[in-house]
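Peer 1: Here is a sequence together with a model predicted from it:
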Amino acid sequence: MTSAPVVPRALGAQRPRLCSVPEAAASSGAEAIELARDAGLHLDPWQQFVLERSLGEREDGRWAAFEVGLVVSRQNGKGSILEARELAGLFLLGERLIIHSAHEFATSLEAFRRLLTLIEDNPDFDREVKRVSRAHGEEGIELKSGQRVRFRTRTKGGGRGFTGDCLILDEAMILPETAHGALLPTLSARPNPQVWYTGSAVDQAVHEHGNVLARVRDRGLRGDPGLAYFEWSVDTDHERVADVVRDEGAWAEANPGLGIRISSQHVDLEQRSMDPRTFAVERLGVGDWPRLDNFSSRSGLDFKAWSALTDERSSIDGPVVFAFDVTPDRSSASIAVAGVRGDGRRHVEVVDRRAGTLWLPERLAELVARHDAPPPVCDQASPAASLLPTLSRMGVEVQTVTAREHAQACGVLFDAVEADDLRHLGTADLAAAVKGAVKRPLGDAWAWSRKSSSTDISPLVACTLALWTLGAAEPAEPFVAWVAR
């Protein structure tokens, strides 16, 4: 066994590769940096750069940047910038309410604890504190002046009823449209509000809710006059990323904390352990950003076109393929079948749909055995994948599809509808799923979004996946029209 090579120490770039900042007459940044230093928070040059330019002021005293976008890889120290901004809001700027939101409770809780420690460790700050709330979901700090900072985990309605001066949207690469829509209006009644979007690069194969941050980035690249945008990343794409994953210069370009709180030795271990694409996203900031211009419509299928394909007498004459799907909250599940009719057109149908998931393994095993069908299909990243161990114990082999294959399946269904090459029975559950389905961008294609859709789309997802795998099935016996039973 040979030892790993010694990687020389490097210092991360202290200026972002992409930067767009509106003109300002002055800045509160220097005072905010000094205030943070008094709290024992010593900001790196790159952190100071972001804070100074984000707190630029117009001649009338309002923020030059209503919005601030910061995209940088994890563990570089963006949290310290947010802590300095929140300290400034409480002890310098006189902001009445600061709302700090994150996608996960653990992240929000950690941010709360770090800010509280900075305040408690400084007697001048600590004596201004009136109360600290540590109750689950109610974490926050209130000063004797009535100023507050609240820490929230994002929900569809979280934030409604509040009126804030500063809104922090951390982990913004996972920011649902519904949560964004609920939180942003909290600033509308305040005279000088500001909102921050902070996170790492969006990988649309992983981040279903990356569109909000993608829009912020798009505006930053175009020089939006109301937005301060900063991005540390490598200028490459995923097709060429293998050329730079071992380039220490690329590591430094995308990681301002390199040589400060992240060592080159650790980054070298990461790139040896991760696949190149994951390393590119997580450490080099090479995002797989949604193409926003392709998704002006959130609906996936034209419901009128779908309804025109109804044939209540439709049946399959040949091989069958089963697929199944489960809702995110596991309140219901669906099994679908696909096959070819006697006239050559394809047929999809919901075989069974019930509440919960406990019923599904036994029912699916029964269907597969009765028709000697090929392995049924599910999305490997979906809630349905949790049933795989149970199905395996029952001797049912399952074929899983990736996010990219899910997108391909959606394309197959869409094309079949457009080409009049599909028939269905017009059942209410499938019709409701088609009406309420919302698509999410995935590269140059799209896939169904279970979380964003307004109804249970498991019948549609199951039909989509069944149709996609139809060509792999081999007939064992003729199939007669299905009736759920």
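Peer 2: Arrived safely, thanks for sending.
Peer 1: could you pull out the strands for the stretch 51-200 of the chain?
Peer 2: For the stretch 51-200 of the chain, applying DSSP state E, counting those that start in this stretch gives strands covering 56-57, 67-71, 97-102, 129-133, 140-143, 148-153, 166-169, 194-199.
Peer 1: what do you get for the stretch 201-350 of the chain?
Peer 2: Counting by DSSP E, counting those that start in this stretch, the strands of the stretch 201-350 of the chain are 227-231, 320-326, 332-340, 346-355.
Peer 1: can I get those in TSV with distance to residue 123 and mean pLDDT?
Peer 2: For every residue, glycine as well, the C-beta is placed using N, CA and C. Listed next are these as TSV, based on distance: least, Cβ to Cβ, whole Å; pLDDT from 0 to 100:
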stretch	distance to residue 123	mean pLDDT
strand 227-231	33	96
strand 320-326	54	96
strand 332-340	56	95
strand 346-355	58	94
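Peer 1: Pick the most buried one from the ones you listed.
Peer 2: Mean neighbour count, computed with mean count of other Cβ atoms under 10 Å, is highest for strand 320-326 among the strands of the stretch 201-350 of the chain, reaching a mean of 28.
Peer 1: In terms of secondary structure, what does it contact?
Peer 2: strand 332-340, helix 360-370, strand 377-379, helix 458-468 (3 or more Cβ pairs under 8 Å, 6 or more residues apart in numbering; DSSP states H and E).
Peer 1: hang on, the earlier thing: now render the strands of the stretch 51-200 of the chain as TSV, adding distance to residue 355.
Peer 2: Formatted as TSV, the strands of the stretch 51-200 of the chain follow (distance: least, Cβ to Cβ, whole Å):
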stretch	distance to residue 355
strand 56-57	55
strand 67-71	42
strand 97-102	32
strand 129-133	38
strand 140-143	38
strand 148-153	27
strand 166-169	35
strand 194-199	36
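Peer 1: Out of the helices and strands packed on strand 320-326, which gets nearest to residue 290?
Peer 2: Closest approach to residue 290 among these (Cβ to Cβ): strand 377-379, 19.0 Å.
Peer 1: Need the contact partners of that closest one.
Peer 2: Under the criterion Cβ atoms under 8 Å, 6 or more residues apart in numbering, residues 321-325, 384-385, 387-388, 398-401, 403, 406, 461, 465-466, 468-469 lie in contact with strand 377-379.
Peer 1: Go again with 6 Å.
Peer 2: The contact list for strand 377-379 (Cβ atoms under 6 Å, 6 or more residues apart in numbering) reads 323-324, 384, 399-401, 406, 465, 469.
Peer 1: now, which of the residues you listed sits nearest residue 257?
Peer 2: Once Cβ to Cβ is applied, the member of the contacts of strand 377-379 that ends up nearest residue 257 is residue 406, at 35.2 Å.
Peer 1: For the closest one, which non-adjacent residue is closest in space?
Peer 2: Distances taken as Cβ to Cβ, 6 or more residues apart in numbering put residue 447 closest to residue 406, at 4.5 Å, once the chain neighbours are dropped.
Peer 1: What pLDDT is listed against that neighbour?
Peer 2: We have a pLDDT of 88 for residue 447.
Peer 1: Could I get the contacting residues of it?
Peer 2: Per Cβ under 6 Å, 6+ apart, neighbours of residue 447: 406-407, 410, 440.
Peer 1: Indicate which one of the strands of the stretch 51-200 of the chain is closest to residue 372.
Peer 2: strand 148-153 (47.7 Å).
Peer 1: what's the domain layout of this structure?
Peer 2: 18-231, 303-472 (automatic domain parsing).
Peer 1: Tabulate those domains (CSV), appending distance to residue 274.
Peer 2: Shown next, in CSV, are those (distance: least, Cβ to Cβ, whole Å):
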stretch, distance to residue 274
domain 18-231, 12
domain 303-472, 18
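Peer 1: Of all these, which one is nearest residue 284?
Peer 2: domain 18-231 (7.3 Å).
Peer 1: Just give me how far the closest one sits from the chain centre.
Peer 2: 19 Å (Cα atoms, centre = their mean, to the nearest Å).
Peer 1: can you check stretch 323-341 too?
Peer 2: Distance, centroid of stretch 323-341 to centroid of chain: 24 Å (Cα atoms, centre = their mean).
Peer 1: List of residues touching stretch 336-354?
Peer 2: For stretch 336-354, using Cβ under 6 Å, 6+ apart, the contacting residues are 314, 316-318, 320-323, 334-335, 363, 421-425, 429-430, 459, 462-463, 466-467, 470, 479, 482, 484.
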